[in-house]
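Chemist: With the sequence up front, the predicted model follows.
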Amino acid sequence: MTPDQLGFYTLLKKEVMRFWSVLGQTVTAPVITALLYLLVFAQAMKGRAPVYPGVGYTEFLVPGLIMMTVIQNAFANTSSSLMQSKMMGNIVFLQMAPIGPFEWFGAYVAAAIVRCALVALAMLLVTMPFVQLPVHAPLALLAMFLLSAGSLAVLGLIAGIVAEKFDHVAAFTNFFITPLSFLSGVFYSVHALPPLWFKASHLNPFFYMIDGFRYGFFGHADVPIVYSVLWAFGFFAAASAVCLWMLVTGYKLKR
Amino acid sequence: MSSPSASTTAAPSALSIRGIRKRYGALEALRGVSFDIQRGEFFALLGPNGAGKSTLISIIAGLVQASEGSVAVLGHDTVRDYRAARRLLGVVPQELVFDPFFKVRDMLRIQAGYYGCGKEVWPWIDEMLERLDLTAKAGSSMRALSGGMKRRVLIAQALVHKPPVVILDEPTAGVDVELRRMTWAFMSDLHRQGTTVVLTTHYLEEAQELCSRIAILDRGSVAVIEPTRQLLARHPYRFLRIKLAGAAQLPEALRPLITGESDGTLELKLETSRNPIGGVFDALRTAGIAIEDVHTREPDLEDIFIELTGHPAKAGGATAGAAK
């Protein structure tokens, strides 16, 4: 391993150790929250007609809940880690180290993806007694998971860089991430919406992330999988370009 | 690691600072600072609060972008060749910063990894923990440490990759005498082994005792940069402290020389060429004034510091001057 690779690996390991040291908050809590959604909504919507042929509401709900949790946790992981480092001042250890912007970017995003993978696997595990999900397209599933978790991890990095206090990150979460993730078809098919909201949903990148992820399980989705992959990839690429520009130029990080 | 920049010689300086300017809007914190620090030097960077010391160190460390100018560490530009430059540099920041998620030894190993160092430096980490009296706390969370212990961990973090150039930004600010001694004994050992040490401090006696060369920054510019002995010798004064017997008053002719008074003892500042000490005694004898006590003091760094900057090194603080 070259010194640069070791630097990247160490930062990745440190970021994983960071969320691992508070596993109750970072993995267990979101799984329990998602389970509560599942129990409440599955009960409330019991008896409704299948959303897709042969797919009951509880089955329909689980992939959406997993992806919504992934989206929220990917964002939370990078934004809170960076923000805490800025507030505590220990970001200087990283800034003074011979770690380049691409390694910095890669390590933070990869650590968030690891956390999201743990959350997703834990959710699959705990929902097994309620639903057995088929896997129709594993590659699509993997692609949508990686692109979605990656996109939100990058967005979290951007928020962490731009924010000057925790309130700013909270505002980003409360006014952007949470509403868009709730209005993305987690709990319903967008075909059930009035025309205006149906169209508006198609402007929400999280809708494609959830829809594409659901396709990976059932082979059914509201839009063709290729659209979902392209949207998620486009979102990831655009967010990454902005984030890397910030890291390379030292925007808001270097005085 | 890439090769040194073309502008440097075969044996580049430990630190080469060229025309550094830093502007914050209308405020110019650094106004074209240039100097070199040679390999193996124990160098002090002094200046009153707001002189630009920490800004300069932050630029060297890569925390702040200079508006103009460049810095090279052992010939490696800190911007164009930042990876090589940072591997050669260790910086102890002024603020007591730490990562609350990790234990002391884990934090040091993580820091080593950032610099591309693996298990081969673990024995060095344990040695530093021992030297800095932190072995008992190696498994403790950073949160659980006292301020002095956190300061020592910061020193260890800066040295974890064995850098040949080390910068300490006020490492003994607010720490007790024992820790100051331990810190300087450790840094002196490293210096003896060839490490270049750059120090900023408000304790001028530390700089006077430890450093072979001193730069004084004032209002963003280098006011002076000289070997410590030369700097001390440039002060053309000495100080005479006398206590007069009874309620005697100093003769009128000597009064302009008074620079201080405490507990009835007067301090006179004498220009070595114009005010020989014998002349003061002659004047007192002529006036029929008896002397109860007398002693002289050579100028120290604090006197020169005040002369050059117009400020004490640390207002109201425990400086060499205040302890006189």
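Modeler: Received it, and whenever you're ready, just let me know what you need.

Chemist: what does the stretch 101-250 of chain B have sitting close to chain A?
Modeler: Selection of the stretch 101-250 of chain B residues close to chain A by Cβ under 8 Å from any Cβ of the partner chain yields B:101-102, B:106, B:110-111, B:113-118, B:157. Placement of C-beta: from N, CA and C, glycine included.

Chemist: where does the chain dip in pLDDT?
Modeler: Since you didn't name a chain, this refers to chain A. Applying pLDDT under 70 to chain A flags no residue at all.

Chemist: not quite, I wanted chain B
Modeler: For chain B, the ranges with pLDDT under 70 are B:1-10, B:312-324.

Chemist: From chain A, how far off is the residue most central in space within it?
Modeler: For chain B, B:Thr200 is the residue whose C-alpha lies nearest the centre (Cα atoms, centre = their mean; 2.8 Å). B:Thr200 sits 16 Å away from chain A when distances are taken as Cβ to the nearest Cβ, to the nearest Å.

Chemist: cool, B:Phe281 as well?
Modeler: B:Phe281 sits at a distance of 57 Å from chain A (criterion: Cβ to the nearest Cβ).

Chemist: Next one: that residue from B:Ser273, what distance?
Modeler: Distance of B:Phe281 to B:Ser273, computed by Cβ to Cβ, to the nearest Å: 18 Å.

Chemist: more neighbours, those two?
Modeler: A count of neighbours by other Cβ atoms under 10 Å in any protein chain shown puts B:Phe281 above the other of B:Phe281 and B:Ser273, at 14 against 7.

Chemist: Figure out the helix or strand that that one lives in.
Modeler: Counting by DSSP states H and E, the element that carries B:Phe281 is helix B:277-286.

Chemist: Can you name the residues in contact with the lengthiest helix in chain B?
Modeler: Longest helix in chain B, counting residues (DSSP state H): helix B:177-192. Contacts with helix B:177-192, where a contact means Cβ atoms under 8 Å, 6 or more residues apart in numbering or on different chains, come from B:40, B:42, B:131-133, B:148, B:151-152, B:155, B:159, B:166, B:168, B:171-172, B:175, B:197, B:199, B:203, B:206, B:210.

Chemist: Return the subset of those residues lying in strands.
Modeler: B:42, B:166, B:168, B:197, B:199 (DSSP state E).

Chemist: got the residues of chain A near chain B?
Modeler: Checking chain A against chain B by Cβ under 8 Å from any Cβ, the hits are A:1-4, A:6-7, A:9-11, A:13-14, A:17-18, A:21-22, A:85, A:88-90, A:92-100, A:250, A:254-255.

Chemist: Make a PyMOL selection of whichever of those turn out to be buried.
Modeler: A single PyMOL command is used to select the members of the residues of chain A next to chain B judged buried by 16 or more other Cβ atoms under 10 Å in any protein chain shown:
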select buried, chain A and resi 3+6+7+9+10+11+13+14+18+21+85+88+90+92+93+94+95+96+97+98+99+100+250
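
Chemist: Inside helices: which ones of the residues of chain A next to chain B?
Modeler: Residues of these located in helices (DSSP H): A:3-4, A:6-7, A:9-11, A:13-14, A:17-18, A:85, A:88, A:92-95.

Chemist: From A:Leu157, how far out is the closest residue to A:Gly160 other than its chain neighbours?
Modeler: Excluding its sequence neighbours, the residue lying closest to A:Gly160 (Cβ to Cβ, 6 or more residues apart in numbering or on different chains) is A:Leu82, at 3.0 Å. Per Cβ to Cβ, A:Leu82 is found 6 Å from A:Leu157.

Chemist: quick one: common contacting residues for these two?
Modeler: A:Tyr108.

Chemist: Those two: which is more packed in?
Modeler: Legend: neighbour count by other Cβ under 10 Å for A:Leu82 and A:Leu157, higher for A:Leu157 (28 against 24).

Chemist: So B:Gly116 sits against A:Gly7, correct?
Modeler: Yes: in this structure B:Gly116 lies within contact range of A:Gly7 using Cβ atoms under 8 Å: 5.5 Å.

Chemist: Which neighbours do those two have in common?
Modeler: Residues within reach of B:Gly116 and of A:Gly7 at once, by Cβ under 8 Å, 6+ apart, are A:Pro98.

Chemist: Next, the residue of chain B most remote from its centre: secondary structure please.
Modeler: Largest separation from the mean C-alpha position in chain B: B:Gly288, at 46.6 Å (Cα atoms, centre = their mean). Three-state call for B:Gly288 (DSSP: H, G, I helix; E, B strand; the rest coil): coil.

Chemist: tell me the secondary structure for the residue of the stretch 51-200 of chain B found nearest chain A?
Modeler: With Cβ to the nearest Cβ, the shortest gap between the stretch 51-200 of chain B and chain A falls at B:Gly116, namely 2.3 Å. Classification of B:Gly116 using three-state DSSP returns coil.

Chemist: same thing with A:Leu146?
Modeler: A:Leu146 is classified as helix under three-state DSSP.

Chemist: How many neighbouring residues does it have?
Modeler: Neighbour count of A:Leu146, defined by other Cβ under 10 Å: 16.

Chemist: repeat for the one 10 residues further on
Modeler: Neighbouring residues of A:Gly156 were enumerated by other Cβ under 10 Å; the total is 31.

Chemist: element containing B:Val33?
Modeler: Element membership of B:Val33, judged by DSSP H and E, is strand B:27-37.

Chemist: How much space separates B:Arg152 from B:Pro100?
Modeler: Distance check for B:Arg152 against B:Pro100: by Cβ to Cβ, it reads 17 Å.

Chemist: Who has more neighbours out of the two?
Modeler: Between B:Arg152 and B:Pro100, B:Arg152 has the larger neighbour count (other Cβ under 10 Å), namely 27 against 13.

Chemist: Not counting sequence-adjacent ones, nearest residue to that one?
Modeler: In space, B:Arg152 is closest to B:Leu132, 4.3 Å off (Cβ to Cβ, 6+ apart).

Chemist: For the one you found, give its distance to B:Glu252.
Modeler: Relative to B:Glu252, B:Leu132 is positioned 58 Å away (Cβ to Cβ).

Chemist: Comparing those two, which shows the higher neighbour count?
Modeler: Neighbours per residue, other Cβ under 10 Å: of B:Leu132 and B:Glu252, the larger number sits with B:Leu132, 20 against 9.

Chemist: For the more buried one, give me its contacts.
Modeler: B:152-153, B:155-156, B:182, B:186.

Chemist: Go through the residues you listed and say which is closest to A:Ala239.
Modeler: Proximity of these to A:Ala239 (Cβ to Cβ) peaks at B:Val153, which lies at 35.7 Å.

Chemist: pretty sure that closest one contacts B:Leu134?
Modeler: Yes: under the criterion of Cβ under 8 Å, B:Val153 makes contact with B:Leu134 at 6.7 Å.

Chemist: Name the nearest residue to B:Ser70, ignoring sequence neighbours.
Modeler: Closest residue to B:Ser70 in three dimensions, ignoring its sequence neighbours and counting by Cβ to Cβ, 6+ apart: B:Arg18, at 5.0 Å.

Chemist: for whichever helix or strand that neighbour is part of, which positions count as buried?
Modeler: Here B:Arg18, judged by DSSP H and E, is contained in strand B:15-24. By neighbour count on 16+ other Cβ under 10 Å, the buried set for strand B:15-24 is B:15-18, B:20-22.

Chemist: what angle separates it from strand B:196-200?
Modeler: 30 degrees (axes from the mean of the first three to the mean of the last three Cα atoms, to 10 degrees).

Chemist: quick one: strands adjacent to strand B:15-24?
Modeler: In the sheet, strand B:15-24 lines up against strand B:27-37 (antiparallel), strand B:68-73 (antiparallel) (DSSP bridges).
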